[in-house]
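turn this into a model:
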Amino acid sequence: GIKVGRITAQQLDPITYVTKISMAIDPAIRIPSDSSARITQSSLLGGNYLELMPGAEDEMLAAGAVIYDTRDSVSIS
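Here you go, the predicted model:
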């Protein structure tokens, strides 16, 4: 993938165990509102990253928007 930003914070809700990831995305990158996200491995030797899979909507995510469509990562180990 191509680096378009970075993770700035990670939080775990202690009641629901839902994770919230905050990101800083390059302002020149526009992300469609129906995009999804997943944590994936960069190689067999380790290293995880957050993969954004762009959708097809014409409407783009605004600053502070939430991506609700998350996918389970596929383990290659």
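
break down this structure into its strands, ranges please.
Secondary structure of the chain, counting by DSSP state E: strands at 5-12, 19-25, 36-41, 48-53.

per-residue pLDDT, the residue located most distally from the centre of the chain?
When each C-alpha in the chain is compared with the mean C-alpha position (CA atoms, centre = their mean), I15 comes out farthest, at 22.0 Å. With respect to pLDDT, I15 has a value of 94.

over to it: give its phi and psi.
I15 adopts backbone torsions of phi -100, psi -50, taken as degrees, to the nearest 10.

let me have the strands of the chain in a markdown table, extended by mean neighbour count, distance to A63 and mean pLDDT.
For glycine as for every other residue, the C-beta is placed from the backbone atoms N, C-alpha and C. Output for the strands of the chain, formatted as a markdown table (neighbours: other CB atoms under 10 Å; distance: least, CB to CB, whole Å; pLDDT from 0 to 100):
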| stretch | mean neighbour count | distance to A63 | mean pLDDT |
| --- | --- | --- | --- |
| strand 5-12 | 11 | 12 | 93 |
| strand 19-25 | 12 | 9 | 92 |
| strand 36-41 | 16 | 16 | 87 |
| strand 48-53 | 15 | 15 | 88 |
